[in-house]
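Here is my input; please provide its structure:
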Amino acid sequence: IRNKMREGAVPPSLDFIPSTAAEAAKKDDGHWAGDYGGPHFLMPGIIIAWYVMGKPDELLDAHQRQMMLHYLSVHQQSDGGWGTHIESPSTMFGTVMCYVSMRLLGAPKDSEACTKAQTFILNEGGAVYTSSWSKFWLCLLGCMEWEGHNSVPPEMWLLPNWSISSWTSLVPLRMVYLPMGYLYGSRVVYSDAETDPLIASLRKELYNEPYDTIQWSSTRNHVAPMDNYSPIPLFMKVAQDALAVYETLWIIQPVKRLVRKFGLDFCVDYMAAEDQQTNFIDIGPVNKALNMLSAFHAAGNDVKCATVQKHIMRVPDYLWVAEDGMKMQGYNGSQCWDTSFAIQAMSECRLLDTFSETSANVWTFLERTQILSTEVSTSSPAYDYESAYNREKYYRHVSKGGWPFSTSAHGWPISDCTGEGLKGVLCLRKNSETIQEGVKNGSLNAISDERGGGWATYENNRGFGWYEQLNPSEVFGDIMIDYSYVECSMATLTGLAEFHHEFPYHRTKEIKHALDRGKEFMKSIQREDGSWYGSWACCFCYGCWFGIEGLVTAGEPTSSPVIKRCCEFLLSHQRPNGGWGEDFTSCYDKDYAENGMYSYGDDGSGVVNTGWALLALAAAKCDDIIAIRRGVKYLMQRQLPSGDWPQEGIAGVFNRACGITYTAYRNVFPLWALGRCTEVYGRLLNDEISDADAVKRIQRYRQLEESGLLTRTE
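Numbering: from 1, shown residues only. This is a model prediction of the structure:
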């Protein structure tokens with residue numbers, strides 16, 4: 001809109017409703033963009049980094065800071081606090097981070113918002129009771145002494161690979177604690193902390209006692225109950241106490257200084273590799289801010305250093321403007337993930353050639369997004385790290401040929417993103433005449449058949465379950481190693497199954513063996529009630545869709561007891577209005593949140609949860625046609641006149657305890673579910689057929705199908 005106004009053109013109307021399919025589908029580069037915000041601890045990191053680096057306008061300009069302040073203001077809760085994410089009850093983690101950010105952005109301490117937030121913090125014991133990640137940022141800012149934070153020794157990276165070393169941990173955790181180790185080991189503090197009046201004021205505002213009188217070492221393990229989702233295990237507490245002695249015992253300091261120097265050098269080299277491999281985007285927003293701050297410190301606090309400038313140029317990749325202001329997303333977007341789902345939904349709705357321009361654009365987008373698969377990417381510095389030597393040195397799995405969550409420049413392939421990206425390509429190749437003709441005549445490029453990823457997320461599991469006894473974070477659960485998830489397993493299974501169907505002679509034995517192993521794993525993690533726990537969205541409806549879809553696509557018969565039990569679970573949770581609904585508390589509590597969508601949905605139901613449930617039931621060819629009809633009618637009734645579906649509650653989750661937004665889901669999954677139900681149940685969904693007649697007909701269909709007289713398509 002700003003660009004159009006600069007050019008003197010009339011900006012597009014916000015009330016625009018497309019009148020033709022072509023108007024609705026026209027896209028510039030073939031991806032769908034969506035809001036991937038929600039967590040409240042992400043944006044404060046970049047704000048604190050901006051402040052510590054001298055408040056450079058090229059990092060955050062005045063307009064961006066104003067929109068960020070607006071975002072923080074509108075998400076403050078009635079008790080004065082902020083949650084860990086936008087639907088969370090207030091926590092010290094969210095409140096301390098957001099309060100400090102508001103003050104750094106210029107909010108006066110005596111404003112109503114700041115007064116309420118300060119009261120909340122002090123009533124909970126002061127900032128010494130916030131979580132460890134929040135304490136880390138306070139130490140960098142100069143609002144807490146480093147003695148108040150548990151040791152993050154960079155020399156841990158020097159431990160041999162066969163030991164309990166950092167390389168065995170989950171990738172996002174590993175890449176966060178890498179710069180943390182550097183910054184802690186260097187004892188980095190804002191250079192003007194002792195003379196900055198705002199820092200002096202914050203030292204008073206955040207604590208119940210005078211700053212200079214606090215015995216910081218005794219507060220290392222303080223944490224408010226509201227932040228303590230994953231209490232620090234006893235083993236880790238003992239280890240942290242031992243490290244505290246290691247940090248201060250005078251007799252070992254000469255050895256520590258020598259070893260620490262090698263550890264810091266390793267961190268600098270490893271962070272440089274991460275920056276190059278990801279084109280300075282880095283794996284996520286937390287390590288993005290920390291890596292940038294580390295580069296700033298390593299450059300002698302020179303913000304004009306080329307490396308620091310490359311970091312600054314990539315910060316906008318993470319920023320998103322919406323109705324609630326400017327936020328920092330949980331990644332540099334969810335472009336590839338959302339687009340892969342959207343094109344599969346269009347395929348099952350038989351819309352690929354109706355929207356031929358969109359299909360061609362998506363094909364080109366997926367071609368460009370496959371990691372290290374284009375001429376440009378293979379000539380970039382990132383490609384040098386694909387060698388066996390560098391992959392071993394920097395603990396990287398194979399990247400080339402995989403698909404990312406966001407963009408090719410991000411550089412990290414993920415197993416489920418690769419599976420869904422591959423399926424997006426295959427459905428276009430198989431079901432779109434536009435794509436078939438384009439590949440044939442050369443107007444579209446053929447896409448490589450290479451695949452990356454695995455059964456877990458970023459890489460194969462390198463550790464053991466007991467490593468969770470070393471979890472240093474109170475606010476997140478199950479973060480120490482990379483687990484095998486129902487979502488990643490389904491995406492990999494279905495990607496391999498559909499690839500095998502198209503190319504039956506390519507690595508046949510390996511693929512069949514993988515499918516068999518994957519099916520058995522999927523069955524082994526089904527819960528006693530028939531459900532699957534979804535780790536990356538809310539939650540059991542999502543997990544059930546992935547569970548059924550993966551097994552059925554990999555050859556499990558729909559008559560299997562495993563499939564039947566899951567259908568019974570879903571049917572038992574259908575609500576009176578025909579929909580399904582749960583929120584992030586399902587993930588948090590690991591129990592179905594029966595009334596989770598009362599605050600954000602429609603009488604306890606939500607369009608996204610309903611879409612997932614119907615996709616699962618239709619994939620299983622569920623015979624309860626009345627339940628299917630009710631679910632379909634619910635989705636149709638909830639569609640808005642523009643064709644959109646309403647934005648309801650948060651749909652995504654990560655690390656068990658934090659919700660995150662996927663605004664594209666509200667349209668993709670209802671559309672997909674309606675298309676699939678139409679394909680599976682056909683005229684049985686029509687109003688002119690009574691419920692009783694529909695039940696009789698589907699029973700007859702199943703009899704004919706079982707006798708071999710009628711195929712599913714017929």
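
I'd say V653 and A537 touch.
Yes. V653 is in contact with A537 according to Cβ atoms under 8 Å; the separation is 6.0 Å. From N, CA and C alone the C-beta is placed, and that goes for glycine too.

any common contacting residues for these two?
Taking Cβ atoms under 8 Å, 6 or more residues apart in numbering as the contact criterion, V653 and A537 have no common neighbours.

Contact partners for Q335?
Taking Cβ under 8 Å, 6+ apart as the definition, contacts of Q335 comprise 31-33, 365, 369, 406-407.

Nearest to Y665, out of those residues: which one, please.
When the contacts of Q335 are compared for distance to Y665 (Cβ to Cβ), W32 wins out at 10.8 Å.

follow-up on the earlier one: pull out the buried residues from the contacts of Q335.
31-32, 365, 369, 406-407 (16 or more other Cβ atoms under 10 Å).

tell me which of those residues is nearest to Q637?
Within the buried ones among the contacts of Q335, proximity to Q637 (Cβ to Cβ) peaks at W32, which comes in at 24.3 Å.

wait, doesn't the closest one sit right on W337?
No. Using Cβ under 8 Å, W32 makes no contact with W337, being 9.9 Å away.

quick one: C267 from H75, how far?
The spacing between C267 and H75, counted by Cβ to Cβ, to the nearest Å, is 34 Å.

of these two, who's got more company?
The residue with more neighbours, out of C267 and H75, is C267; 25 against 18, by other Cβ atoms under 10 Å.

helix, strand or coil for the more buried one?
Secondary structure assignment for C267 (DSSP: H, G, I helix; E, B strand; the rest coil): helix.

Which residue, neighbours along the chain excluded, lies closest to it?
Distance criterion Cβ to Cβ, 6 or more residues apart in numbering; nearest residue to C267, sequence neighbours excluded, is Y182 at 4.0 Å.

and the one you found, how many neighbours?
The number of residues packed near Y182 is 28, by other Cβ under 10 Å.

now E568
Using other Cβ under 10 Å, E568 has 14 other residues around it.

Give me the pLDDT for I414.
Residue-level confidence at I414 comes out at 87, pLDDT.

actually S218, sorry about that
At S218, the pLDDT value in this model is 95.

Next one: it relative to G126, how far apart?
Computed as Cβ to Cβ, the S218 to G126 distance reads 13 Å.

More neighbours: which of those two?
Neighbours were counted for S218 and for G126 using other Cβ under 10 Å; G126 has more, 21 against 11.

give the contact list for the more buried one.
Applying Cβ under 8 Å, 6+ apart, one finds that G126 lies in contact with 206-209.

how close does the residue nearest to C267 get to Q276?
17 Å.

repeat for I548
Applying Cβ to Cβ, the value for I548 to Q276 is 41 Å.

what do you get for G495?
According to Cβ to Cβ, G495 stands 29 Å off from Q276.

Check N301 too.
Using Cβ to Cβ, one obtains 22 Å as the distance from N301 to Q276.

of these two, who's got more company?
Under the neighbour definition other Cβ under 10 Å, N301 and Q276 were set side by side, and Q276 has more, 19 against 14.

Can you tell me the closest non-neighbouring residue to the more buried one?
Closest residue to Q276 in three dimensions, ignoring its sequence neighbours and counting by Cβ to Cβ, 6+ apart: P381, at 4.7 Å.

on that earlier part again, tell me the one among the contacts of Q335 nearest to G518.
Set against G518, the nearest of those by Cβ to Cβ is T369 (24.6 Å).

And the strands in the stretch 301-450 of the chain, which stretches?
According to DSSP state E, counting those that start in this stretch, the stretch 301-450 of the chain carries its strands in the segments 319-322, 325-328.

In CSV, list the ones you listed along with mean pLDDT.
Listed next are the strands of the stretch 301-450 of the chain as CSV, based on pLDDT from 0 to 100:
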stretch, mean pLDDT
strand 319-322, 94
strand 325-328, 96
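
How much space separates the residue lying closest to T407 once chain neighbours are set aside from A491?
When the adjacent residues along the chain are set aside, T407 lies closest to Q335, with 5.8 Å between them (Cβ to Cβ, 6+ apart). Separation of Q335 from A491 (Cβ to Cβ): 17 Å.

do the same with F503
18 Å.

what does P39 give?
Taken as Cβ to Cβ, the spacing of P39 relative to A491 amounts to 23 Å.

swap in C587?
According to Cβ to Cβ, C587 stands 19 Å off from A491.

can you give me the helices in the stretch 101-250 of the chain?
Along the stretch 101-250 of the chain, the stretches classed as helices by DSSP state H, counting those that start in this stretch are 112-123, 132-141, 171-185, 197-205, 234-248.

nearest to R429, of the ones you listed?
Nearest to R429 among the helices of the stretch 101-250 of the chain is helix 171-185 (30.7 Å), distances taken as Cβ to Cβ.

and that closest one, what does it pack onto?
In this structure, helix 171-185 makes packing contacts with helix 132-141, helix 253-277, helix 285-298, judged by 3 or more Cβ pairs under 8 Å, 6 or more residues apart in numbering; DSSP states H and E.

Which stretch among these is buried most, on average?
Sort the helices and strands packed on helix 171-185 by mean neighbour count, taking mean count of other Cβ atoms under 10 Å, and helix 285-298 sits at the top with a mean of 26.

Going by contacts, tell me the helices and strands next to that helix.
Applying 3+ Cβ pairs under 8 Å, 6+ apart, one finds that helix 285-298 makes contact with helix 43-52, helix 171-185, helix 253-277, helix 306-314.

Could I have the CA atoms of that helix written out in CSV?
As requested, C-alpha coordinates have been extracted for helix 285-298 and formatted as CSV (Å, rounded to 0.1, in the frame of the first residue of the first chain):
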residue,chain,number,x,y,z
PRO,A,285,14.3,-15.7,15.7
VAL,A,286,16.0,-16.4,19.0
ASN,A,287,19.4,-17.4,17.6
LYS,A,288,19.0,-14.8,14.9
ALA,A,289,19.1,-12.0,17.5
LEU,A,290,21.8,-13.8,19.6
ASN,A,291,24.0,-14.5,16.5
MET,A,292,23.7,-10.9,15.4
LEU,A,293,24.7,-9.6,18.9
SER,A,294,27.6,-12.1,19.0
ALA,A,295,28.8,-10.8,15.6
PHE,A,296,28.5,-7.3,16.9
HIS,A,297,30.6,-8.1,19.9
ALA,A,298,33.2,-10.1,17.9
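
Report pLDDT for Y182.
pLDDT, the model's per-residue confidence, is 97 for Y182.

I meant W645, not that one.
Looking at W645, its pLDDT reads 93.

can you count the residues close to it?
As a burial measure, the neighbour count of W645 was computed by other Cβ under 10 Å and equals 22.

how close does the residue nearest to T407 sit to Y542?
With the distance defined as Cβ to Cβ, Q335 ends up 20 Å from Y542.

Also H573?
Using Cβ to Cβ, H573 is found at 13 Å from Y542.

Give me the more crowded residue out of the two.
Neighbour count, other Cβ under 10 Å: between H573 and Y542, Y542 has more, with 32 against 17.

The more buried one belongs to a helix?
Yes. When the secondary structure is assigned by three-state DSSP, Y542 falls within a helix.
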